[in-house]
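Engineer: Quick check, what structure comes out for this input:
(chains A and B)
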Amino acid sequence: MAALSTQPHSHGAVVPVTSRAEHFTSYDVNAFEVPGGREEIWRFTPLKRLAGLHSGAAATGSAAVEVNAASGVTVETVGRDDSRLGTAGVPGDRVAAQAYSSFENATVVTLPGDAKSEPTTVTVTGPGAGAVAYGHIQVKASQFAEGTVILDFRGSGAYADNVEFLVADGAHLTVITIHDWADDAVHVSQHHMKLGRDATLRHTVVTLGGDVVRVTPVVQYAGRGGDAELFGLYFADAGQHQEHRPFIDHGQPNCRSNVVYKGALQGDGAHAVWIGDVLIRVAAEGTETFELNRNLILTDGARADSVPNLEIETGEIEGAGHASATGRFDDEQLFYLQARGIPEEQARRLVVRGFFQELIAKIAVPEVRERLEAAIEAELEAVGA
Amino acid sequence: MATLEIKDLHVSVVSEDAPKEILKGVDLTIKAGETHAIMGPNGSGKSTLSYAIAGHPKYTITSGTVTLDGEDVLEMSVDERARAGLFLAMQYPVEVPGVSMSNFLRTAATAVRGEAPKLRTWVKEVKGAMADLDIDPAFAERSVNEGFSGGEKKRHEILQLGLLQPKVAILDETDSGLDVDALRVVSEGVNRYKASGEVGVMLITHYTRILKYIEPDFVHVFANGRIVESGGRELADVLEAEGYVKYTGSKEAAALS
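Structural biologist: Numbering: from 1, shown residues only, chains lettered A, B, ... in the order given. Below you'll find the predicted structure:
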């Protein structure tokens, strides 16, 4: 497999990569140096807790992949040599490259073209406490396909993977990824999304469980008229590290992207990181993009880092913007609700639920929506907020 | 017979350096069936009085008492005060994104009434109350106060007043920023509430114009953190003619409307 590297990678935090366009990518793990923690793309991540995923840990187990496929949807388990793999994007960091170099089998889910499919659920169960596993999933929405795929990550252990989403011309794909890991789990994941002409992708990441979860969703466009919506919803408890690094690479004209990530944090050492990169290349005239991150800090001891980056190489765009805000719980809202007789705990829950409502309302699968609502309730119960 | 009794109330606000005393000994008793207008210039402490009674955490009670039917209000949490029968219609109602008005109203009514209202009668009750205040039914599905105009916010405060039926209502400059039609609709809402039972009203206002719609039994002039003069309806007329200059030493009209 050819490495698509174009530029040497500069290491060390003192020399930041000047443009996202120069970001180093390679399928080969050995093309990356082992990160030390000061590199720009690793500086927020607690490497010590990654169970060696970044430093060459060999697989000691495997993750179970179970697919509950809707009628018409095909599911294949294929070997590393399947030529379809790796076409949605190239690993952009050492862990993704490690996963790409290490997986044994890949699961390929294909939505039939010119047809509407019911939701398909892919459940990935971690290798178990203390074990390390690598995986690979590809989801393809054929031309004019319309459907939903739910990725449900659960269980224990350390797991790194690449997930590819190929959205063919005119296809509409909805993806909901739920990281509902056990407390010990470590998951480092890169999502590669490639949108064809007039393709639409709605990609939602939900992160609730796990010790460390780091997800890097990367969107590329293969033709005009692509429309990507990336939503994220996370809830970090004491000690949890949740990192989301969406990157939208606008390289085609007349495409659109909208990124909205919202997170709540509570408890000592709860840490959320959001790095939102958008690059509008010279060719991407008529681009319309917006990215937003909001964090709601519920208790002392929690920390959110939020860094939106917008690079624009052409002036001929429809619009581009970003917003980021991290705030504490709004006491005025609490006072208002309490002044109407609503007890404090209930008022807090109303406000937090309200904070996520915008995103939850966009989840079109009722079972998933209810599960998320219940999960948020449970999170709030946990601290008696 | 509900009675709200405020005795020698001193209140400070926590500011950057030292606490600043804003209320300097307020005495006021509001009995069921009475409407008390509290009038005063800007910065006299009228709003502080309302927020202190409601229990806003920004204000510290340094001395004095507030009781509702003999119960110590100051010992209660904010929500307990509301459930005990106090209501504050706020000058600046707060936006709560993502919480629908209908969910909020039902949650509040459930808390105040002690049980969830029966769904069928509740829907009818809310619809009727909204219609009375010329509120478009579509507001029920919008987030609490989010993107509402000033007038829409005030209508919704009075909507809550009608649905929660407190023993004593404090209306903090509910008239401010309302156009003539909205003022009439909101005042009618307050009058319906007054007619609905043995309730007390504390009507805080800067201007006399709302008193053309809501008849006060007592008028109190509030200046420099306390009540400096009390009287009947006629006192409002004097204020309208002469302004607050007598109480503040500066010229500020009471009737700019």
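Engineer: now A:D330, nearest residue through space, not along the chain?
Structural biologist: Distances taken as CB to CB, 6 or more residues apart in numbering or on different chains put A:V351 closest to A:D330, at 7.0 Å, once the chain neighbours are dropped. All C-beta spots, glycine's among them, are computed from the backbone N, C-alpha and C.
Engineer: Dump the strand or helix carrying B:V238 to CSV, keeping only the CA atoms.
Structural biologist: Using DSSP states H and E, B:V238 sits within helix B:233-242. Provided in CSV are the C-alpha atoms of helix B:233-242 (Å, rounded to 0.1, in the frame of the first residue of the first chain):
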residue,chain,number,x,y,z
ARG,B,233,-54.0,55.8,45.1
GLU,B,234,-53.7,59.5,45.4
LEU,B,235,-50.0,59.3,46.2
ALA,B,236,-49.4,57.9,42.7
ASP,B,237,-51.1,60.9,41.3
VAL,B,238,-48.8,63.2,43.3
LEU,B,239,-45.8,61.2,42.0
GLU,B,240,-47.1,61.5,38.5
ALA,B,241,-47.3,65.2,38.8
GLU,B,242,-44.2,65.9,40.8
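Engineer: and it, what other elements does it pack with?
Structural biologist: strand B:35-39, strand B:218-223 (3 or more CB pairs under 8 Å, 6 or more residues apart in numbering or on different chains; DSSP states H and E).
Engineer: which of these sits most buried?
Structural biologist: strand B:35-39 (a mean of 25; mean count of other CB atoms under 10 Å in any protein chain shown).
Engineer: can you give me the angle that strand makes with strand B:218-223?
Structural biologist: 20 degrees (axes from the mean of the first three to the mean of the last three CA atoms, to 10 degrees).
Engineer: who touches strand B:35-39?
Structural biologist: Defining contact as CB atoms under 8 Å, 6 or more residues apart in numbering or on different chains, one finds that strand B:35-39 is touched by B:28, B:30, B:46, B:49, B:194, B:200-206, B:208, B:211, B:214-222, B:227, B:236, B:239, B:254.
Engineer: Now, of these, which are buried?
Structural biologist: Among the contacts of strand B:35-39, those buried by neighbour count (16 or more other CB atoms under 10 Å in any protein chain shown) are B:28, B:30, B:46, B:49, B:194, B:200-206, B:208, B:211, B:214, B:216, B:218-222, B:227, B:236, B:239, B:254.
Engineer: Which ones among the residues you listed lie within strands?
Structural biologist: Members of those lying in strands (criterion: DSSP state E): B:28, B:30, B:200-205, B:218-222, B:227.
Engineer: ok, now how distant is A:L233 from A:G267?
Structural biologist: 18 Å (CB to CB, to the nearest Å).
Engineer: more crowded one of the two?
Structural biologist: Counted by other CB atoms under 10 Å in any protein chain shown, A:L233 and A:G267 do not tie: A:L233 has more neighbours, with 27 against 19.
Engineer: Can you give me the distance of the residue in chain B positioned nearest to chain A to B:K124?
Structural biologist: As assessed by CB to the nearest CB, chain A sits closest to B:G98 within chain B, at 2.9 Å. From B:G98 over to B:K124 the distance is 26 Å, taken as CB to CB.
Engineer: if you count what's nearby, which of these two comes out ahead?
Structural biologist: B:G98 (21 against 11).
Engineer: Identify the spatial nearest neighbour of the more buried one, chain neighbours not counted.
Structural biologist: A:G354 (2.9 Å).
Engineer: In contact with the one you found, which residues?
Structural biologist: A:G354 neighbours (CB under 8 Å, 6+ apart): B:V96, B:P97, B:G98, B:V99, B:S143.
Engineer: got it, and A:T125?
Structural biologist: By CB under 8 Å, 6+ apart, the neighbours of A:T125 are A:A63, A:A64, A:E66, A:R154, A:G155.
Engineer: Okay, and the beta partners of it?
Structural biologist: Counting by DSSP bridges, A:T125 is bridged to A:A64, A:R154.
Engineer: measure the single nearest residue of the stretch 251-385 of chain A relative to chain B to A:D183 for me?
Structural biologist: Per CB to the nearest CB, A:G354 is where the stretch 251-385 of chain A lies closest to chain B, at 2.9 Å. Distance of A:G354 to A:D183, given as CB to CB: 28 Å.
Engineer: for A:V29, same thing?
Structural biologist: Taking CB to CB as the measure, A:V29 and A:D183 are separated by 28 Å.
Engineer: more neighbours, these two?
Structural biologist: A:V29 (19 against 12).
Engineer: Quick one: residues contacting the more buried one.
Structural biologist: A:G56, A:R94, A:A97, A:Q98, A:Y100, A:S101, A:S102 are the contacts of A:V29 under CB under 8 Å, 6+ apart.
Engineer: List only buried entries from those.
Structural biologist: Judged by 16+ other CB under 10 Å, buried ones among the contacts of A:V29: A:R94, A:A97, A:Q98, A:Y100, A:S101, A:S102.
Engineer: picking that back up, may I see the buried residues of the helix or strand containing the residue nearest to A:D330?
Structural biologist: Element membership for A:V351 (DSSP H and E) is helix A:344-360. Neighbour-count burial for helix A:344-360, counted by 16+ other CB under 10 Å, picks out A:346-360.
Engineer: can you list the weak-confidence ranges in the stretch 51-200 of chain B?
Structural biologist: The model of the stretch 51-200 of chain B has no residue with pLDDT under 70.
Engineer: need the residues of it near chain A, please.
Structural biologist: B:54-57, B:77-79, B:81-83, B:87-88, B:90, B:93-99, B:103-104, B:107-108, B:111-112, B:143-144, B:160, B:164 (CB under 8 Å from any CB of the partner chain).
Engineer: Quick check: ChimeraX command selecting the buried ones in these.
Structural biologist: Buried residues within these, by 16+ other CB under 10 Å, are selected in ChimeraX with:
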select /B:54,55,56,78,79,81,82,83,87,88,90,93,94,95,96,97,98,99,103,104,107,108,111,112,143,144,160,164
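Engineer: Next step: the residues of the stretch 51-200 of chain B next to chain A restricted to helices.
Structural biologist: B:54, B:78-79, B:81-83, B:103-104, B:107-108, B:111-112, B:160, B:164 (DSSP state H).
Engineer: can I get the residues you listed in JSON lines with distance to A:G209?
Structural biologist: Conversion of these to JSON lines gives the following (distance: CB to CB, whole Å):
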{"residue": "B:A54", "distance to A:G209": "40"}
{"residue": "B:V78", "distance to A:G209": "35"}
{"residue": "B:D79", "distance to A:G209": "33"}
{"residue": "B:R81", "distance to A:G209": "40"}
{"residue": "B:A82", "distance to A:G209": "37"}
{"residue": "B:R83", "distance to A:G209": "37"}
{"residue": "B:N103", "distance to A:G209": "28"}
{"residue": "B:F104", "distance to A:G209": "31"}
{"residue": "B:T107", "distance to A:G209": "29"}
{"residue": "B:A108", "distance to A:G209": "34"}
{"residue": "B:A111", "distance to A:G209": "33"}
{"residue": "B:V112", "distance to A:G209": "38"}
{"residue": "B:Q160", "distance to A:G209": "39"}
{"residue": "B:L164", "distance to A:G209": "40"}
